[in-house]
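In: I need the structure of the sequence given here:
(one chain, ligands or ions: 2)
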Amino acid sequence: MKNEIEEQYKYIEKVRENNENKNLKYNIFTMGCQLNENDSEKICGMLEKMGYSSTENLNEADLVIFNTCCVRENAEDKLFGKVGEIKKQKEERGTIIAIGGCMMQEKHIVEKLHKSYPYVDIIFGTHTLHKLPEDIYKIQEESKKIDDVIDIDGEVYEGLPIKRNDNIKASVTIMYGCNNFCSYCIVPYVRGRERSRKPEDILNEVKDLASKGYKEITLLGQNVNSYDGGEGYKFSNLLYDVNKIQGIERIRFVSPHPKDFTDDVIEAIADCDKICKIIHLPLQSGSSKMLKVMNRKYTKEQYLELARKMQERIPNVVFSTDIIVGFAGETEEDFEDTLDVVRKIKFEQVYMFIYSRRVGTPGDKMENQVPEEIKHKRFDRLKELVESQIVENNQKYIGTIQRVLVEGTSKNNPNMLTGRTESNKVVIFEGTKDLIDKIIDLKIVSEHMWYLKGKIEM
Ligand code: 5AD
Ligand code: SF4
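Out: Numbering: from 1, shown residues only. Ligands and ions are numbered 1, 2, ... in the order given. As a prediction, this is how the structure comes out:
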């Protein structure tokens, strides 16, 4: 494995020689989840070592990379639209087009690309991301189209270069793949089986980030609480060890699975002062019947009980969640159960999705699909409830003192600073730039749906 990466470093060097003094630029378009964002940071790391520099302007790019997602259908339309748009540019200036990520693990998508978009140069999958230097070199030397998608479960590769998007907060992938096969979800088919990074590799990466001044770490995986570091080293052990690393002030993790939320993880969250007391706990549906159909392996009651147990053990804990509306067979009564859980838990944040049929998953083959119109109506009802709860919840912040990690100047008003509370709420406030990357106390003075306004307490 190490040899494989060493091999790629040789290609990086060869491409860098080819690119010398050419001032070549790349543009990257990333879809989907934080894991994909983290993969893109690795892609950018490799590209910059190869002598490409980043541009936001697609028209001046010599290399365009798409890092795709296939969790929901709308991403496909978006990808094909964008690939169509750059055809002319490809003809005019020979831009290299590379498409990678989850969607490329789906055969019907790759076939469509071959048929309708034959000018795409490189197609790479989730298990071959590290071979991008070799693929680019071959395109430069032989200009033959490259398909580099493999179906086996990939290895865990260490030592790829990385170019991070931020210098205060960083993501660290701790495990790849998923073994759960929720019946609506394509991820296990495109990301393969679960495999965990070694504890020392993760801890060294976090220590390195701390030494570079990073304050917040998000541990990433499709199912972080089934992390298996070997020799009995579990996710809770990792939490304790990351918590000890000096310089890191906040720890988050996504996504855990409710079925794997063992007591040792709850204890670790309670014990570790740096772990943010907002837990992402994907619900998907509030109906026990639907949860069974979805193959989630918990009931409504077990979910509520888990949340209660955490509230008891972890003072002031709050939750965020993912919910799918309109999965096959969902009745009005099932949907009411989802609304019921939302009313009971009062999530800080709810990521809401309309069920999207994915080719190759059990859900797609189920006969009792919910009509689109009903899905949309239910989605709107859920959204209304969630938004009313956000307003209500925001009111609770007014007058309180919040610890806020200051992230930078506000995009909409450069005279203001922006940061986040431990519960991940955006707070905008007046302050001097020396506060950036510090954790400070702010008094919350007003709420504005998607952000709070704060004031420095004198
Ligand atoms: N349709 C809609 N939403 C989905 N998700 C996963 N698969 C689908 C699908 N086929 C949602 C789940 C998951 C989140 C990342 O995406 O809620 O937690
Ligand atoms: Fe998909 Fe379920 Fe695995 Fe999450 S746990 S990635 S929803 S199969």
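
In: Alongside ligand 2, which residues does the stretch 251-400 of the chain contribute?
Out: Residues of the stretch 251-400 of the chain lying close to ligand 2 (Cβ under 6 Å from any ligand atom) are residue 257. For glycine as for every other residue, the C-beta is placed from the backbone atoms N, C-alpha and C.

In: how about the strands of the stretch 251-400 of the chain, start to end?
Out: All strands of the stretch 251-400 of the chain, identified by DSSP state E, counting those that start in this stretch, fall at 278-280, 318-325, 349-354.

In: Let's have these in a markdown table, adding mean pLDDT and mean neighbour count.
Out: A markdown table is the format used below for these (pLDDT from 0 to 100; neighbours: other Cβ atoms under 10 Å):
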| stretch | mean pLDDT | mean neighbour count |
| --- | --- | --- |
| strand 278-280 | 98 | 21 |
| strand 318-325 | 98 | 21 |
| strand 349-354 | 97 | 17 |
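
In: For the stretch 101-250 of the chain, just list every one of the helices.
Out: Per DSSP state H, counting those that start in this stretch, the stretch 101-250 of the chain carries helices over the ranges 107-116, 132-142, 187-191, 199-211, 235-243.

In: Equivalent analysis for the stretch 301-450 of the chain, please.
Out: Going by DSSP H, counting those that start in this stretch, the stretch 301-450 of the chain shows helices at 332-345, 362-365, 372-397.

In: just so I know, which of the helices of the stretch 101-250 of the chain lies nearest ligand 2?
Out: Of all the helices of the stretch 101-250 of the chain, helix 187-191 sits nearest to ligand 2, with 3.6 Å by Cβ to the nearest ligand atom.

In: need the strands of the stretch 251-400 of the chain in JSON lines with distance to residue 6, can you?
Out: JSON lines is the format used below for the strands of the stretch 251-400 of the chain (distance: least, Cβ to Cβ, whole Å):
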{"stretch": "strand 278-280", "distance to residue 6": "37"}
{"stretch": "strand 318-325", "distance to residue 6": "39"}
{"stretch": "strand 349-354", "distance to residue 6": "40"}
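
In: Might one say that residue 330 is in contact with residue 287?
Out: Yes. If you go by Cβ atoms under 8 Å, residue 330 and residue 287 touch, sitting 7.3 Å apart.

In: sorry, back to before: which one, of the helices of the stretch 301-450 of the chain, ends up nearest to ligand 1?
Out: helix 362-365 (6.7 Å).

In: is that closest one up against ligand 1 anywhere?
Out: No. Residues of helix 362-365 are not located near ligand 1 by Cβ under 6 Å from any ligand atom, the shortest gap being 6.7 Å.

In: can you list contacts of that helix?
Out: 181, 183, 184, 185, 294, 295, 327, 328, 355, 357, 358 (Cβ atoms under 8 Å, 6 or more residues apart in numbering).

In: With stretch 74-89 instead?
Out: By Cβ under 8 Å, 6+ apart, stretch 74-89 touches 29, 31-32, 58-59, 61, 64, 66, 68-70, 95, 97, 99, 103, 109, 112-113, 116-117, 119-120, 356.

In: try 10 Å
Out: 27, 29, 31-32, 58-61, 64, 66, 68-70, 90, 95, 97, 99, 101-104, 106, 108-109, 112-113, 116-117, 119-120, 354, 356 (Cβ atoms under 10 Å, 6 or more residues apart in numbering).

In: buried sites along that stretch?
Out: Neighbour-count burial for stretch 74-89, counted by 16 or more other Cβ atoms under 10 Å, picks out 75, 76, 79, 82, 83, 86, 89.

In: out of these, who's nearest ligand 1?
Out: Closest to ligand 1, out of all of the buried residues of stretch 74-89 and judged by Cβ to the nearest ligand atom, is residue 75, at 10.9 Å.

In: tell me the pLDDT at that closest one?
Out: With respect to pLDDT, residue 75 scores 88.

In: And for the one 3 residues further on?
Out: Model confidence at residue 78, given as pLDDT, is 92.

In: how near is residue 333 to residue 252?
Out: Distance from residue 333 to residue 252, counting by Cβ to Cβ, to the nearest Å: 35 Å.

In: coming back round to it: columns mean pLDDT on top of the helices of the stretch 301-450 of the chain, output as CSV?
Out: Listed next are these as CSV, based on pLDDT from 0 to 100:
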stretch, mean pLDDT
helix 332-345, 98
helix 362-365, 98
helix 372-397, 97
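
In: now those helices as JSON lines including mean neighbour count?
Out: Output for the helices of the stretch 301-450 of the chain, formatted as JSON lines (neighbours: other Cβ atoms under 10 Å):
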{"stretch": "helix 332-345", "mean neighbour count": "17"}
{"stretch": "helix 362-365", "mean neighbour count": "16"}
{"stretch": "helix 372-397", "mean neighbour count": "15"}
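
In: from the stretch 201-350 of the chain, which residue is nearest to ligand 1?
Out: For the stretch 201-350 of the chain, Cβ to the nearest ligand atom, closest residue to ligand 1: residue 322, 3.4 Å.

In: That residue pairs with what?
Out: In this entry, residue 322 is beta-bridged to residue 351, by DSSP bridges.

In: Surely it is in contact with residue 258?
Out: No. At 11.0 Å, residue 322 does not count as touching residue 258 under the criterion of Cβ atoms under 10 Å.

In: got any residues that touch both of those two?
Out: If you check residue 322 and residue 258 against Cβ under 10 Å, 6+ apart, the residues they both contact are 281, 282, 283, 284.

In: Including pLDDT, could the residues you listed go into CSV?
Out: Shown next, in CSV, are these (pLDDT from 0 to 100):
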residue, pLDDT
281, 98
282, 98
283, 98
284, 98
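
In: Pick out whichever of those residues sits closest to residue 434.
Out: residue 281 (36.9 Å; Cβ to Cβ).

In: Surely the closest one is in contact with residue 311?
Out: No. Using Cβ under 10 Å as the test, residue 281 is too far from residue 311 to be in contact (11.5 Å).

In: out of the two, which sits in the busier spot?
Out: Ranked by neighbour count (other Cβ atoms under 10 Å), residue 281 and residue 311 place residue 281 first, with 20 against 14.

In: Against residue 266, how distant is that one?
Out: With Cβ to Cβ as the criterion, residue 281 and residue 266 are 11 Å apart.

In: List the buried residues of the helix or strand of the chain with the lowest mean pLDDT.
Out: The helix or strand of the chain with the poorest confidence is strand 146-148; it has a mean of 86 (mean pLDDT, DSSP states H and E). For strand 146-148, burial by neighbour count (16+ other Cβ under 10 Å) applies to 146, 148.

In: Which strands or helices does that strand pack on?
Out: strand 96-101, helix 107-116, strand 122-124, helix 132-142 (3 or more Cβ pairs under 10 Å, 6 or more residues apart in numbering; DSSP states H and E).

In: pretty sure residue 404 contacts residue 420?
Out: Yes. The criterion here is Cβ under 10 Å, and residue 404 meets it with residue 420 at 6.5 Å.

In: Who has more neighbours out of these two?
Out: With neighbours defined as other Cβ under 10 Å, residue 404 and residue 420 compare such that residue 404 has more, 27 against 20.

In: residue contacts, the more buried one?
Out: By Cβ under 10 Å, 6+ apart, the neighbours of residue 404 are 417-422, 425-427, 429, 431, 435, 438-442, 444, 452, 454, 456.

In: Okay then, goodbye and thanks.
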